[in-house]
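Undergrad: coordinates for the following, if possible.
(chains A and B)
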2 protein chains.
Amino acid sequence: MSAKEDYQELEKRARELGLIGASYALLEWDHQVNMPPKSAETRAEMTSYLAGMMHEKFVDPKVGELISSVESSDLVKDPESIIAANIRELRHQYDKETKLPKELVEEFEKTTALAHGIWAEARKNNDFKTFEPALKKIVDLTKQKAEAYGYEGEPYNALLDNYEPGATTAEVADVFEKLRVELVELLAKIKDAPNQPDGSIIERPYDVKNQQIFGELVAKTMGYDFDEGRLDIATHPFTTAFGPGDTRITTRYNPNRLNDALFGTIHEAGHALYEMGLKKKENFGMPVGDSASLGIHESQSRMWENMVGRSKPFWNYFFPIAQSMFRESLGHVSFDEFYAAVNYVAPSYIRVEADEVTYNLHILLRFEMERAILNGDIKIADVPGEWNSRFEKYFGIKVDNDANGCLQDVHWSAGLMGYFPTYTLGNIYAAQFYAQANKDIPDLEQRVERGDLLTLREWLRENIHQHGQRYRANDLCKRITGEGLSHKPMMDYMNKKFAEVYGY
Amino acid sequence: MSAKEDYQELEKRARELGLIGASYALLEWDHQVNMPPKSAETRAEMTSYLAGMMHEKFVDPKVGELISSVESSDLVKDPESIIAANIRELRHQYDKETKLPKELVEEFEKTTALAHGIWAEARKNNDFKTFEPALKKIVDLTKQKAEAYGYEGEPYNALLDNYEPGATTAEVADVFEKLRVELVELLAKIKDAPNQPDGSIIERPYDVKNQQIFGELVAKTMGYDFDEGRLDIATHPFTTAFGPGDTRITTRYNPNRLNDALFGTIHEAGHALYEMGLKKKENFGMPVGDSASLGIHESQSRMWENMVGRSKPFWNYFFPIAQSMFRESLGHVSFDEFYAAVNYVAPSYIRVEADEVTYNLHILLRFEMERAILNGDIKIADVPGEWNSRFEKYFGIKVDNDANGCLQDVHWSAGLMGYFPTYTLGNIYAAQFYAQANKDIPDLEQRVERGDLLTLREWLRENIHQHGQRYRANDLCKRITGEGLSHKPMMDYMNKKFAEVYGY
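TA: Coordinates of the predicted model:
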């Protein structure tokens, strides 16, 4: 067969994997949104069967041969072409998936499946000791995975690359360290600032049906197309896509708090716009039809949630609507009071409840811990102590118990080491992209003020969404902004915004 | 490998097919219940991929070898054993699935996919002529399918057997003919009877939320377990199951009519109890873990819908509750008026809106037509004329147009010839089973009157549900009632009930 035919065969196989993957994603969505409790066991069997099938079909030696054939042909001459990008990423994924010994994969799955229950119990009982052996085993197996993948420098590189292809630990650590210093400074300024917002404004009764309508209005205004998606309720909100034409978001409503569902919905709609903007029809199952990295994905959700959704122009348009929908709780609140309340900053223990500023400190802490654990610089038994002393240093408050400390997140029990940094990478990229969007569209804020969110959506689609994995995260950032990962735009954005909100 | 190992290998493969089938069923459920419109194309590709995968895995020659190995072993010595039943039905399915040439399957799929749109358009425009060529082609291909399957007697046998394994056209025609004569007589009596119910009682405003609560109450009382299922809205209501622990029902609400959702929910819950009563955990994917036939499935839904749900004892318990929930529409209605209204009989054009008596006449008409079409006794061009003249003879009213006549049902455009008779087989079996249940549980009606529907559910589970395909429909009926298919219990039930309601 010619290289062209080999490439077509790869496309065909990728499309089949895309179809199975979309079915898998629907099983998972249904699991979170609809599934009756007694079906848990069968559902686990269904998803694990489909996952196994996808793995088997992908690691088929024939796939490796097809990739090699195209690699050694003229089809990849232009390294920026779609074919070259697809082959580059398929090679990367294929090598990673084929490098892990089957026994290790199975041992890892078995261990993490058990660890989830142990972790949940330990968190409930606030007892790290009972989780310690499971965590130790997971870390051992994770190290084995890193060795099997292979890496330059430190083992963390092999893991980070699973979620943020091409990123290196050293480069991330460098940017994060600069960020940490400036965030701690910012937090100190905020703490001592003269204007302290009244955060209780958002902790009032907010009718759930109206929250849903308002969230849908905002999502629709952002360009979320309900003809190719839907909004449902889930305990742990998420976004998922089942191939072209179906990208669903979820949220959860707190009848006594506005933020959870509102900013949650904006966040998920931001993810969804990315999925809707990918060229999936033409590239279904191929890397160019898929998102560039978790960091880039998160940049889309966080930009909409924070840089747009917590901005003055946004609320200039939406606050009167919110007031009329939540008259009882917002009728007598001024614009400035409301704007300050949604930008309220306060150190707290739990990452998922954190504000825009402290959120990144939560991530930096986890990144440092993971890296040190994998390098052997922190022993598993010392995790709580190390966590707590760093937490106090960064946040200025003492952790009261491990459930509010190192036991709070599900990630480690699930074996997801290397995942956390993508959250902050998302925030950093978001600020870089948003600064550039404001340069490219000088009247962007005036447009947002008029309720025109589609101009920004178009800019994102043009510059980011449509490319999928054509460019790796850092290269994409360079293409768009002229430079690679940099913490400066985020700190500029935060310093400006919070100086104004807090009046220091 | 030993025959025992071969059987275990079959079980393993069946389980995998069960897992894919359950995923397929979820894709379909989601399609009907949740899917956003722009996803139709992708969803069709997903379902057709999974369907193709199931077909390929099942017709694998290895499956045939495994079946043969077990067939020639001692494992099937006892023909009533579970293993023997599984092998009997696997052989039957395997032979059928492997007998159709691939080209014929593909041609059939292509033709029916196109025919659906043509039929919908023809029905809308009330224009049989535009559907005629498509129907002709479908009938030609259906005949080819029958030839490929092979049959004794007439081609219809090969098709009927797809939905009602083991049933023969002659036997069904014999029972249906007796039924037709008695139904036409019954209908004439009803038409001239002194007491004519006031059917308008159910055509009043019925609050949709209350309809939902009432429907859930009835389903729960029947034993439908919402921990292993859920009730959703669908335009064309149905029941579906995704392996053990997840059996979902759907309904649709008409704010100005009580019957649609109420009897629809009872009907689907009847189907669901069958699925919930199958021993799926032990037999997932194997015939004994699956329903015996469409006729037996329908017997469960129709028994609950009509013999229980339209009975006096049932309403003795539920009418006061209904009155308190729908005070405006039912507050001043007497029990007898209400009971008569839900048992109102009136000939009408549309099968899916028909009452308990005329429904079967609709089916008998279709069965006769299909059989004659396949035998070549009716030409496609003559379908409307034949339909209309028979309709007038059976129902006493003239068909006004083909949309209300031979174009009303989707089945023929979908290539489902042989399916219709299972609806009336269901009604017949339901009456046979229900008569037996009343013999076995002499105080059954008093129990229903007290709201105890679980005694009947247990009887059904014990006698029917748990067996799956262990016995074929007619054998199951003989085991339970002592005789095979017979129209007598149904006519006894109807004659008694309607004489009372209509006072003739």
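
Undergrad: could you pull up the contacting residues of the residue nearest to A:S69 when sequence neighbours are not counted?
TA: Distance criterion Cβ to Cβ, 6 or more residues apart in numbering or on different chains; nearest residue to A:S69, sequence neighbours excluded, is A:D6 at 4.2 Å. Backbone N, C-alpha and C define where each C-beta goes, glycine included. Counting by Cβ atoms under 8 Å, 6 or more residues apart in numbering or on different chains, A:D6 makes contact with A:65-66, A:69-70.

Undergrad: immediately after the helix or strand hosting A:D6, which helix or strand?
TA: In this assignment (DSSP states H and E), A:D6 forms part of helix A:3-33. The helix or strand immediately downstream of helix A:3-33 is helix A:40-59, counting by DSSP H and E.

Undergrad: okay, now A:S72: neighbour count?
TA: When neighbours are defined as other Cβ atoms under 10 Å in any protein chain shown, A:S72 has 10 of them.

Undergrad: now A:G199: phi and psi?
TA: phi -70, psi -20 (degrees, to the nearest 10).

Undergrad: state the distance from the closest residue in space to it that isn't next to it in sequence to A:E106.
TA: Computed as Cβ to Cβ, 6+ apart, the closest residue to A:G199 that is not its neighbour in sequence is A:Y344, at 4.0 Å. According to Cβ to Cβ, to the nearest Å, A:Y344 stands 47 Å off from A:E106.

Undergrad: who's more crowded, these two?
TA: Using other Cβ under 10 Å as the criterion, A:Y344 and A:E106 rank with A:Y344 on top: 19 against 11.

Undergrad: still on that earlier bit, okay if I get the contacts of A:D6 as JSON lines plus secondary structure, neighbour count and pLDDT?
TA: Converted to JSON lines, the contacts of A:D6 look like this (DSSP: H, G, I helix; E, B strand; the rest coil; neighbours: other Cβ atoms under 10 Å in any protein chain shown; pLDDT from 0 to 100):
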{"residue": "A:E65", "secondary structure": "helix", "neighbour count": "12", "pLDDT": "98"}
{"residue": "A:L66", "secondary structure": "helix", "neighbour count": "24", "pLDDT": "98"}
{"residue": "A:S69", "secondary structure": "helix", "neighbour count": "20", "pLDDT": "98"}
{"residue": "A:V70", "secondary structure": "helix", "neighbour count": "25", "pLDDT": "98"}
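
Undergrad: ok, so of those, who is nearest chain B?
TA: A:L66 (19.8 Å; Cβ to the nearest Cβ).

Undergrad: confirm for me that that closest one is in contact with A:L10.
TA: Yes - between A:L66 and A:L10 a contact is recorded at 4.9 Å, counting by Cβ atoms under 8 Å.

Undergrad: ok, back up a step: name the nearest of the contacts of A:D6 relative to B:R461.
TA: Closest approach between those and B:R461, by Cβ to Cβ: A:L66, at 52.5 Å.

Undergrad: who's in contact with that closest one?
TA: By Cβ under 8 Å, 6+ apart, the residues touching A:L66 are A:6-7, A:9-10, A:13.

Undergrad: quick one, the helix holding A:D6 and helix B:3-33 angle?
TA: Counting by axes from the mean of the first three to the mean of the last three Cα atoms, to 10 degrees, helix A:3-33 lies at 80 degrees to helix B:3-33.
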